[in-house]
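Asks: take this sequence and fold it.
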Amino acid sequence: MVVARMIGRSSVSSSHLASIGHDPASGTLEVEFRNGAVWRYGDVSEPEYEDLLRSASRGRAFVRVIRSRKKGVRVG
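Replies: A predicted model of the protein is given here:
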């Protein structure tokens, strides 16, 4: 997963996630956690990202759909 450009993130209402952003061209999801850590996850489709945004519990959806299935790298 190589992403040279910045991924714009939007603040979200979640007890664990502070902000999330998606680059559909590379399939990269960037997540900032409440503790300040920033991670990037590869191979995230637009529908997966949209489902995460629409979820009633973004933290649970993140664990179920992203963290348990996608490779992540800490970038900040």
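Asks: can you give me the strands in the chain?
Replies: Assigned by DSSP state E, the strands in the chain fall at 10-11, 17-23, 28-33, 38-41, 72-74.
Asks: what bridges to the residue lying closest to residue 11 once chain neighbours are set aside?
Replies: Nearest in space to residue 11, with sequence neighbours left out and distances taken as CB to CB, 6 or more residues apart in numbering, is residue 19 at 5.0 Å. Yep, even glycine has a C-beta here, placed from its N, CA and C like the rest. With DSSP bridges applied, the residues forming beta bridges to residue 19 are residue 11, residue 32.
Asks: which other helices and strands contact the helix ranked longest in the chain?
Replies: Ranked by residue count under DSSP state H, the longest helix found in the chain is helix 46-54. In terms of contacts (3 or more CB pairs under 8 Å, 6 or more residues apart in numbering; DSSP states H and E), helix 46-54 is packed against strand 17-23, strand 28-33, helix 58-61.
Asks: kindly compare burial across these and name the winner.
Replies: strand 28-33 (a mean of 22; mean count of other CB atoms under 10 Å).
Asks: give me the residues contacting it.
Replies: 1, 3, 7, 9, 16-23, 38-42, 44, 48-49, 52, 62, 66, 70, 75-76 (CB atoms under 8 Å, 6 or more residues apart in numbering).
Asks: and that strand, what's its mean pLDDT?
Replies: For strand 28-33, mean pLDDT is 95.
Asks: just use 13 as the starting number from now, easier for me
Replies: All right, first residue 13 from here; so that's strand 40-45.
Asks: just the CA coordinates for that strand, please, in PDB.
Replies: Output in PDB follows, covering the C-alpha atoms of strand 40-45 (Å, rounded to 0.1, in the frame of the first residue of the first chain):
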ATOM      1  CA  THR A  40      -6.600   3.200   1.400                       C
ATOM      2  CA  LEU A  41      -8.500   4.000   4.600                       C
ATOM      3  CA  GLU A  42      -6.900   6.300   7.100                       C
ATOM      4  CA  VAL A  43      -8.100   6.300  10.700                       C
ATOM      5  CA  GLU A  44      -7.200   8.600  13.500                       C
ATOM      6  CA  PHE A  45      -8.000   7.100  16.900                       C
END
